[in-house]
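A.B. asks: Generate a structure from the sequence data that follows.
(2 chains)
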Protein chains: 2
Amino acid sequence: MNGAESLVETFLENDVTVCFANPGTSEMHFVAALDQHPDMRCVLCLFEGGTSGAADGYFRMSGKVAATMLHLAPGFGNAFANLHNARKAGSGILNVMGEHATYHLAYDSPLRGDTAGISHAISDWTRTSATAADVAGDGAAGIAAARAGNGRIATLILPADTAWGEGSAPAIASATEDGDLPSEAELETVADALGRPGAALFLGGIATYGPELEAAGRIAKATGCRLIAPLFTARVRRGAGQVVLDQLPYRGELAAEVLADLHTLVCIGTPPPVNFFAYPGQPSVPTPDTCAVIDLCGRDGNVTGTLAALEKRVGAAGSEPDRRAFDLPEVAPDADLTAETACATIIRWMPEETIVVNEAVTSGLTFGPQSRTARPHDFLTTVGGAIGCCLPTAVGSAIACPDRKVLALTGDGSAMYTIQSLWTMARENLDVTVVVFNNGAYRILHHELEALGVAQVGRNARAMFDLTGPELDWMALARGHGLDAVRADSLAELNAALAHADDVAGPCLIEVVL
Amino acid sequence: MNGAESLVETFLENDVTVCFANPGTSEMHFVAALDQHPDMRCVLCLFEGGTSGAADGYFRMSGKVAATMLHLAPGFGNAFANLHNARKAGSGILNVMGEHATYHLAYDSPLRGDTAGISHAISDWTRTSATAADVAGDGAAGIAAARAGNGRIATLILPADTAWGEGSAPAIASATEDGDLPSEAELETVADALGRPGAALFLGGIATYGPELEAAGRIAKATGCRLIAPLFTARVRRGAGQVVLDQLPYRGELAAEVLADLHTLVCIGTPPPVNFFAYPGQPSVPTPDTCAVIDLCGRDGNVTGTLAALEKRVGAAGSEPDRRAFDLPEVAPDADLTAETACATIIRWMPEETIVVNEAVTSGLTFGPQSRTARPHDFLTTVGGAIGCCLPTAVGSAIACPDRKVLALTGDGSAMYTIQSLWTMARENLDVTVVVFNNGAYRILHHELEALGVAQVGRNARAMFDLTGPELDWMALARGHGLDAVRADSLAELNAALAHADDVAGPCLIEVVL
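C.D. replies: Presented below is the predicted three-dimensional model:
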């Protein structure tokens, strides 16, 4: 078998069974190898940002590493932004980047570029296969690297001659090692602090859903500490019956209010809180100066073991966490359609076990607070702040969880970055309901300019913030990509649109006109 | 004035008057500064790949450096692919990449990324401003760097506090230095070789249009040598009355036939010929082993001076170059609509001084050969081979040359990479006619798989090559972005569509159904 075939067989041997792909000529042998293995699921994305975002969503919801297939240098560049998001989310992805045949690199051909350089700028692990016989082993090492630290970005660069040359037998990825645990002294310090009123666990990564969140809930109950997560978290388990966990607001000054009374904040699975941006004369972090911030376990550390050790240390084993009640937001029948009433209406409709992907930067701000007590759901956001994460992440989530509804909440501005993902939703017939909040602007930037004290907005700023002249026609954009679409100008129409989304098999786009 | 204002004033002082922008919060002070200077033209692109591709097209057609405004790390990542194309095209661009305030970089905030690392992977010049007082000088140095070597990629990274802090007076970019000229001995060797039958000049960069092409034409006439250019060249002057210059075909074996009889190939403004990709058992270059390849002047060298020196050396001053006749391709009135007849029909329609941007990877293959003797025009292609160059380059070309028709020829697959550029065409009311050849596939990849000897295409390969299930609806996609659109299923409909494109003010999309 050739190197490309040895890689595909290595994938399958290691339970890497999905490949989000946008291949080019340098990846043709890999395509040919995939073609021999119909048990590998290949999902075509019409732009590489779709592949990396989908692999991110797939990992968040399955815990499994997916492969991406990317064309050399510039193709990988197109995937960069969503690899940034995935890296910040702690998602494990193995990118396969094509490369010219080793001997062809001596020439200044059109596509020759700094493949290793761009990979190093975003990947935790980069390797270029030297020979075809190395490809299987390199692939297994890449899978192990992508699984390490709860999920990392690994990139294998595959010169064309290592794909078509004679390969070796498939290889097995080495097992993931558990990270270190905190020392007894650290645990004692933390346990003492948690026992005093005014302490909180700051949770991220895998600590915001599943058994780890349950453990944190028991610790909170036993010690009286609060549970807090960053606003931008890879996956948060929320809704009725779920452990009480609050997320910080976006604005630094509001986050500071939430944290104002704390004497100790213990970080597990996430870096300490930091404001999204710096502003003149404002602090970089929302934590009060008097608050001790303890970095107990980083995003890539032994989160599970740390929570178990802490639970044991504080004797929380028998505690029953505080849980959210079931309580849907009320919407008056004659209310106007606003971002807030639209969110409430969607929350009322949202079926149990929905996977929500929220990138509605301004319009979706109230969705989180309003949906705390909704039907149980998972809540995914753009952890790295790079716009264009929502639609691809929705694709990957839906492929990971084919039996669950995926709800993608996006602004008009943000949806345009990776709009091609709509086509993949249609192609794969995914159960995704896309809600586009159309406010005809990069509204967040209006707010940011105001935050600088600029009251008067002139021609150049308006030209860069407003998405009008012409308006984007969302019905046409959706249908252009093969999607069913409905427009809602009122709450009644939104309710009808949501009912319609239940009726259609496959994806549907709802435009909410604000 | 603050650092951002000092940068905008530095731009204007140095005749950098266009900014292709997709700003984020870290660039807000720059936006506010632009807002104070309505003489700076700000063009919003809904995706960063649109900004870099537009700046590329703008430089190719105006010879002027444009600025791009890009959000930190991942925003720059989105611009990467078209920066790759621009770099290979030798286009001068000054990217302004935002960055967190210097003191905010101590924290692991969502958007913190390797801004310098990704810039180094694609830019010829990268600098991060250290203080607000440095910004004007750094901006001027960046402009000079972008103008050097006939056009380079320069990236200025602007931490937010250098934008809002107190800046200095605007600075003037240092003048561009002419590169070295070949030695008399080199010129003599080349002149001797050109005088013997079986020699050619291989031209690229600025040598394929304008006075440099005229000089090359005189040299060819005086010596009897041929003039050849790579297929993928930044800008070629073509059509009736223009100097005879042939471009190499795509396939290496066909290019080898064109070069088979040469004893000497003299490269000016371009690296030596190289095949686009390597294939098993095939050579990397199309030049015969017996051909001497002389790298007289690289893409970034003194192309103008080298041609002038060579012209003088061979005594070509009084020669009159061979020029193309005027001869439009014939199309039978009852011919079927095929890629070839569609190209011929478009060429017959194409007005004088059209700027053609061709990224119709397979369908546009015959456009070049058929249009050699069309009305005079400029012909632009994707020099770096990164798909998604066409629509953005058309935007930039139209802004550089508002009085000329721009014709963007694109495949369905390639158009989808930077489809958002359609909106910018509508927003700026650009005179662009976009022709999408819809063959429902990445047709080039079918050919590439065949080139590997794979006859049978299975489920996974088909899934990655075909753009069907669902079909893209080009009428809807165009209208969704605010464009007028017409579909052509026959040559009669194509003729009507082209007449319609003449009638509309602003852009128009024509779908050619193959």
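
A.B. asks: Verify the contact between A:F80 and B:A81 for me.
C.D. replies: No. Counting by Cβ atoms under 8 Å, A:F80 stays clear of B:A81, with 9.4 Å between them. Every C-beta, even on glycine, is put in place using the N, C-alpha and C of the backbone.

A.B. asks: If you count surrounding residues, which of those two has more?
C.D. replies: B:A81 (34 against 28; other Cβ atoms under 10 Å in any protein chain shown).

A.B. asks: That one: what's it in contact with?
C.D. replies: Contact partners of B:A81, counting by Cβ atoms under 8 Å, 6 or more residues apart in numbering or on different chains, are A:74-75, A:77-78, B:49, B:52, B:386-388, B:417.

A.B. asks: Give me the phi and psi angles of it.
C.D. replies: The phi/psi pair for B:A81 (degrees, to the nearest 10) reads phi -60, psi -40.

A.B. asks: neighbours around the nearest residue to it once chain neighbours are set aside, how many?
C.D. replies: Counting by Cβ to Cβ, 6 or more residues apart in numbering or on different chains, the nearest residue to B:A81 once its immediate chain neighbours are dropped is A:P74, at 3.6 Å. A:P74 has 30 neighbouring residues, counting by other Cβ under 10 Å.

A.B. asks: one step back: wait, which of the contacts of B:A81 is closest to B:A193?
C.D. replies: B:A386 (34.9 Å; Cβ to Cβ).

A.B. asks: burial count for the closest one?
C.D. replies: Count around B:A386 with other Cβ under 10 Å applied: 30.

A.B. asks: Tell me how far it lies from B:D56.
C.D. replies: B:A386 is 11 Å from B:D56, where distance means Cβ to Cβ, to the nearest Å.

A.B. asks: Overlap of the contact sets of the two?
C.D. replies: Counting by Cβ under 8 Å, 6+ apart, the contacts common to B:A386 and B:D56 are B:82, B:85.

A.B. asks: Run through chain A and note the low-pLDDT ranges.
C.D. replies: Counting by pLDDT under 70, chain A shows low-confidence ranges at A:455.

A.B. asks: ok, 50 please
C.D. replies: Residues of chain A meeting the criterion pLDDT under 50: none.

A.B. asks: So it: which segments form each domain?
C.D. replies: A:3-164, A:184-314, A:339-513 (automatic domain parsing).

A.B. asks: Pick the most deeply packed of those domains.
C.D. replies: The highest average neighbour count among the domains of chain A, using mean count of other Cβ atoms under 10 Å in any protein chain shown, belongs to domain A:3-164 at a mean of 25.

A.B. asks: so A:D378 sits in a strand?
C.D. replies: Yes. Per DSSP: H, G, I helix; E, B strand; the rest coil, A:D378 lies within a strand segment.

A.B. asks: helix, strand or coil for the closest residue to it other than its chain neighbours?
C.D. replies: Once flanking residues are discounted, A:D378 sits nearest to A:I355: 5.0 Å by Cβ to Cβ, 6+ apart. Following three-state DSSP, A:I355 is assigned to strand.

A.B. asks: and what of A:I228?
C.D. replies: strand.

A.B. asks: Pull up the gap between the residue nearest to B:A81 and B:M425, please.
C.D. replies: Computed as Cβ to Cβ, the A:P74 to B:M425 distance reads 22 Å.

A.B. asks: okay but A:G90 is in contact with A:F232, surely?
C.D. replies: No. Using Cβ under 8 Å as the test, A:G90 is too far from A:F232 to be in contact (12.0 Å).

A.B. asks: Now for these two: what residues contact both?
C.D. replies: Joint contacts of A:G90 and A:F232 (Cβ under 8 Å, 6+ apart) are A:V383.

A.B. asks: Give me the helices and strands touching the host helix or strand of A:A4, please.
C.D. replies: A:A4 belongs to helix A:3-13 when elements are defined using DSSP states H and E. Judged by 3 or more Cβ pairs under 8 Å, 6 or more residues apart in numbering or on different chains; DSSP states H and E, helix A:3-13 is in contact with helix A:28-35, helix A:135-147, strand A:153-159, helix A:160-164.

A.B. asks: Would you tell me which of the ones you listed gets closest to chain B?
C.D. replies: Nearest of the helices and strands packed on helix A:3-13 to chain B, taken as Cβ to the nearest Cβ: helix A:28-35 at 4.1 Å.

A.B. asks: anything in the closest one near chain B?
C.D. replies: Yes. Residues of helix A:28-35 contacting chain B under Cβ under 8 Å from any Cβ of the partner chain: A:28-29, A:31-32, A:34-35.

A.B. asks: How far away from the center of its chain is that helix?
C.D. replies: 28 Å (Cα atoms, centre = their mean, to the nearest Å).

A.B. asks: how about the next helix-or-strand element following that helix as CSV, C-alpha atoms only?
C.D. replies: Next along the chain after helix A:28-35, taking DSSP H and E as the criterion, comes strand A:41-44. Extracted in CSV, the C-alpha atoms of strand A:41-44 (Å, rounded to 0.1, in the frame of the first residue of the first chain):
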residue,chain,number,x,y,z
ARG,A,41,-16.9,9.5,6.3
CYS,A,42,-15.7,12.3,4.0
VAL,A,43,-17.5,15.6,4.4
LEU,A,44,-16.9,18.2,1.7
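
A.B. asks: so what strands line up beside strand A:41-44?
C.D. replies: In the sheet, strand A:41-44 lines up against strand A:18-22 (parallel) (DSSP bridges).

A.B. asks: Against chain B, how distant is the closest residue to A:D261 other than its chain neighbours?
C.D. replies: Spatially, and ignoring its direct neighbours in sequence, A:D261 is nearest to A:G198 (5.4 Å; Cβ to Cβ, 6+ apart). Distance, A:G198 to chain B, by Cβ to the nearest Cβ, to the nearest Å: 23 Å.

A.B. asks: Now do the contacts for A:G198.
C.D. replies: So A:G198 contacts A:261-264 (Cβ under 8 Å, 6+ apart).

A.B. asks: Mind doing that once more with 10 Å?
C.D. replies: A:224-226, A:260-265, A:291 (Cβ atoms under 10 Å, 6 or more residues apart in numbering or on different chains).

A.B. asks: cool, and A:V356?
C.D. replies: By Cβ under 10 Å, 6+ apart, the contact list for A:V356 reads A:236, A:238-239, A:346-347, A:350, A:364, A:367-368, A:371, A:374, A:377-381, A:394, A:397, A:405-409.

A.B. asks: hang on, the earlier thing: switch the domains of chain A over to TSV; also include distance to B:D180.
C.D. replies: Formatted as TSV, the domains of chain A follow (distance: least, Cβ to Cβ, whole Å):
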stretch	distance to B:D180
domain A:3-164	20
domain A:184-314	46
domain A:339-513	42
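
A.B. asks: Can you show me the CA trace of stretch A:374-392 as CSV?
C.D. replies: Backbone C-alpha positions of stretch A:374-392 (Å, rounded to 0.1, in the frame of the first residue of the first chain) are rendered in CSV as follows:
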residue,chain,number,x,y,z
ALA,A,374,-34.8,26.0,29.4
ARG,A,375,-35.0,22.3,28.4
PRO,A,376,-31.6,20.7,28.9
HIS,A,377,-29.2,21.5,26.2
ASP,A,378,-25.5,22.0,25.3
PHE,A,379,-24.3,25.5,24.6
LEU,A,380,-21.3,26.2,22.4
THR,A,381,-19.7,29.5,21.6
THR,A,382,-16.7,30.9,19.7
VAL,A,383,-13.9,30.4,22.3
GLY,A,384,-11.2,32.1,20.3
GLY,A,385,-13.2,35.1,19.3
ALA,A,386,-12.6,34.6,15.5
ILE,A,387,-15.8,35.3,13.7
GLY,A,388,-17.1,32.6,11.4
CYS,A,389,-17.1,29.7,13.8
CYS,A,390,-20.9,29.2,14.1
LEU,A,391,-22.0,27.6,10.9
PRO,A,392,-19.0,25.2,10.6
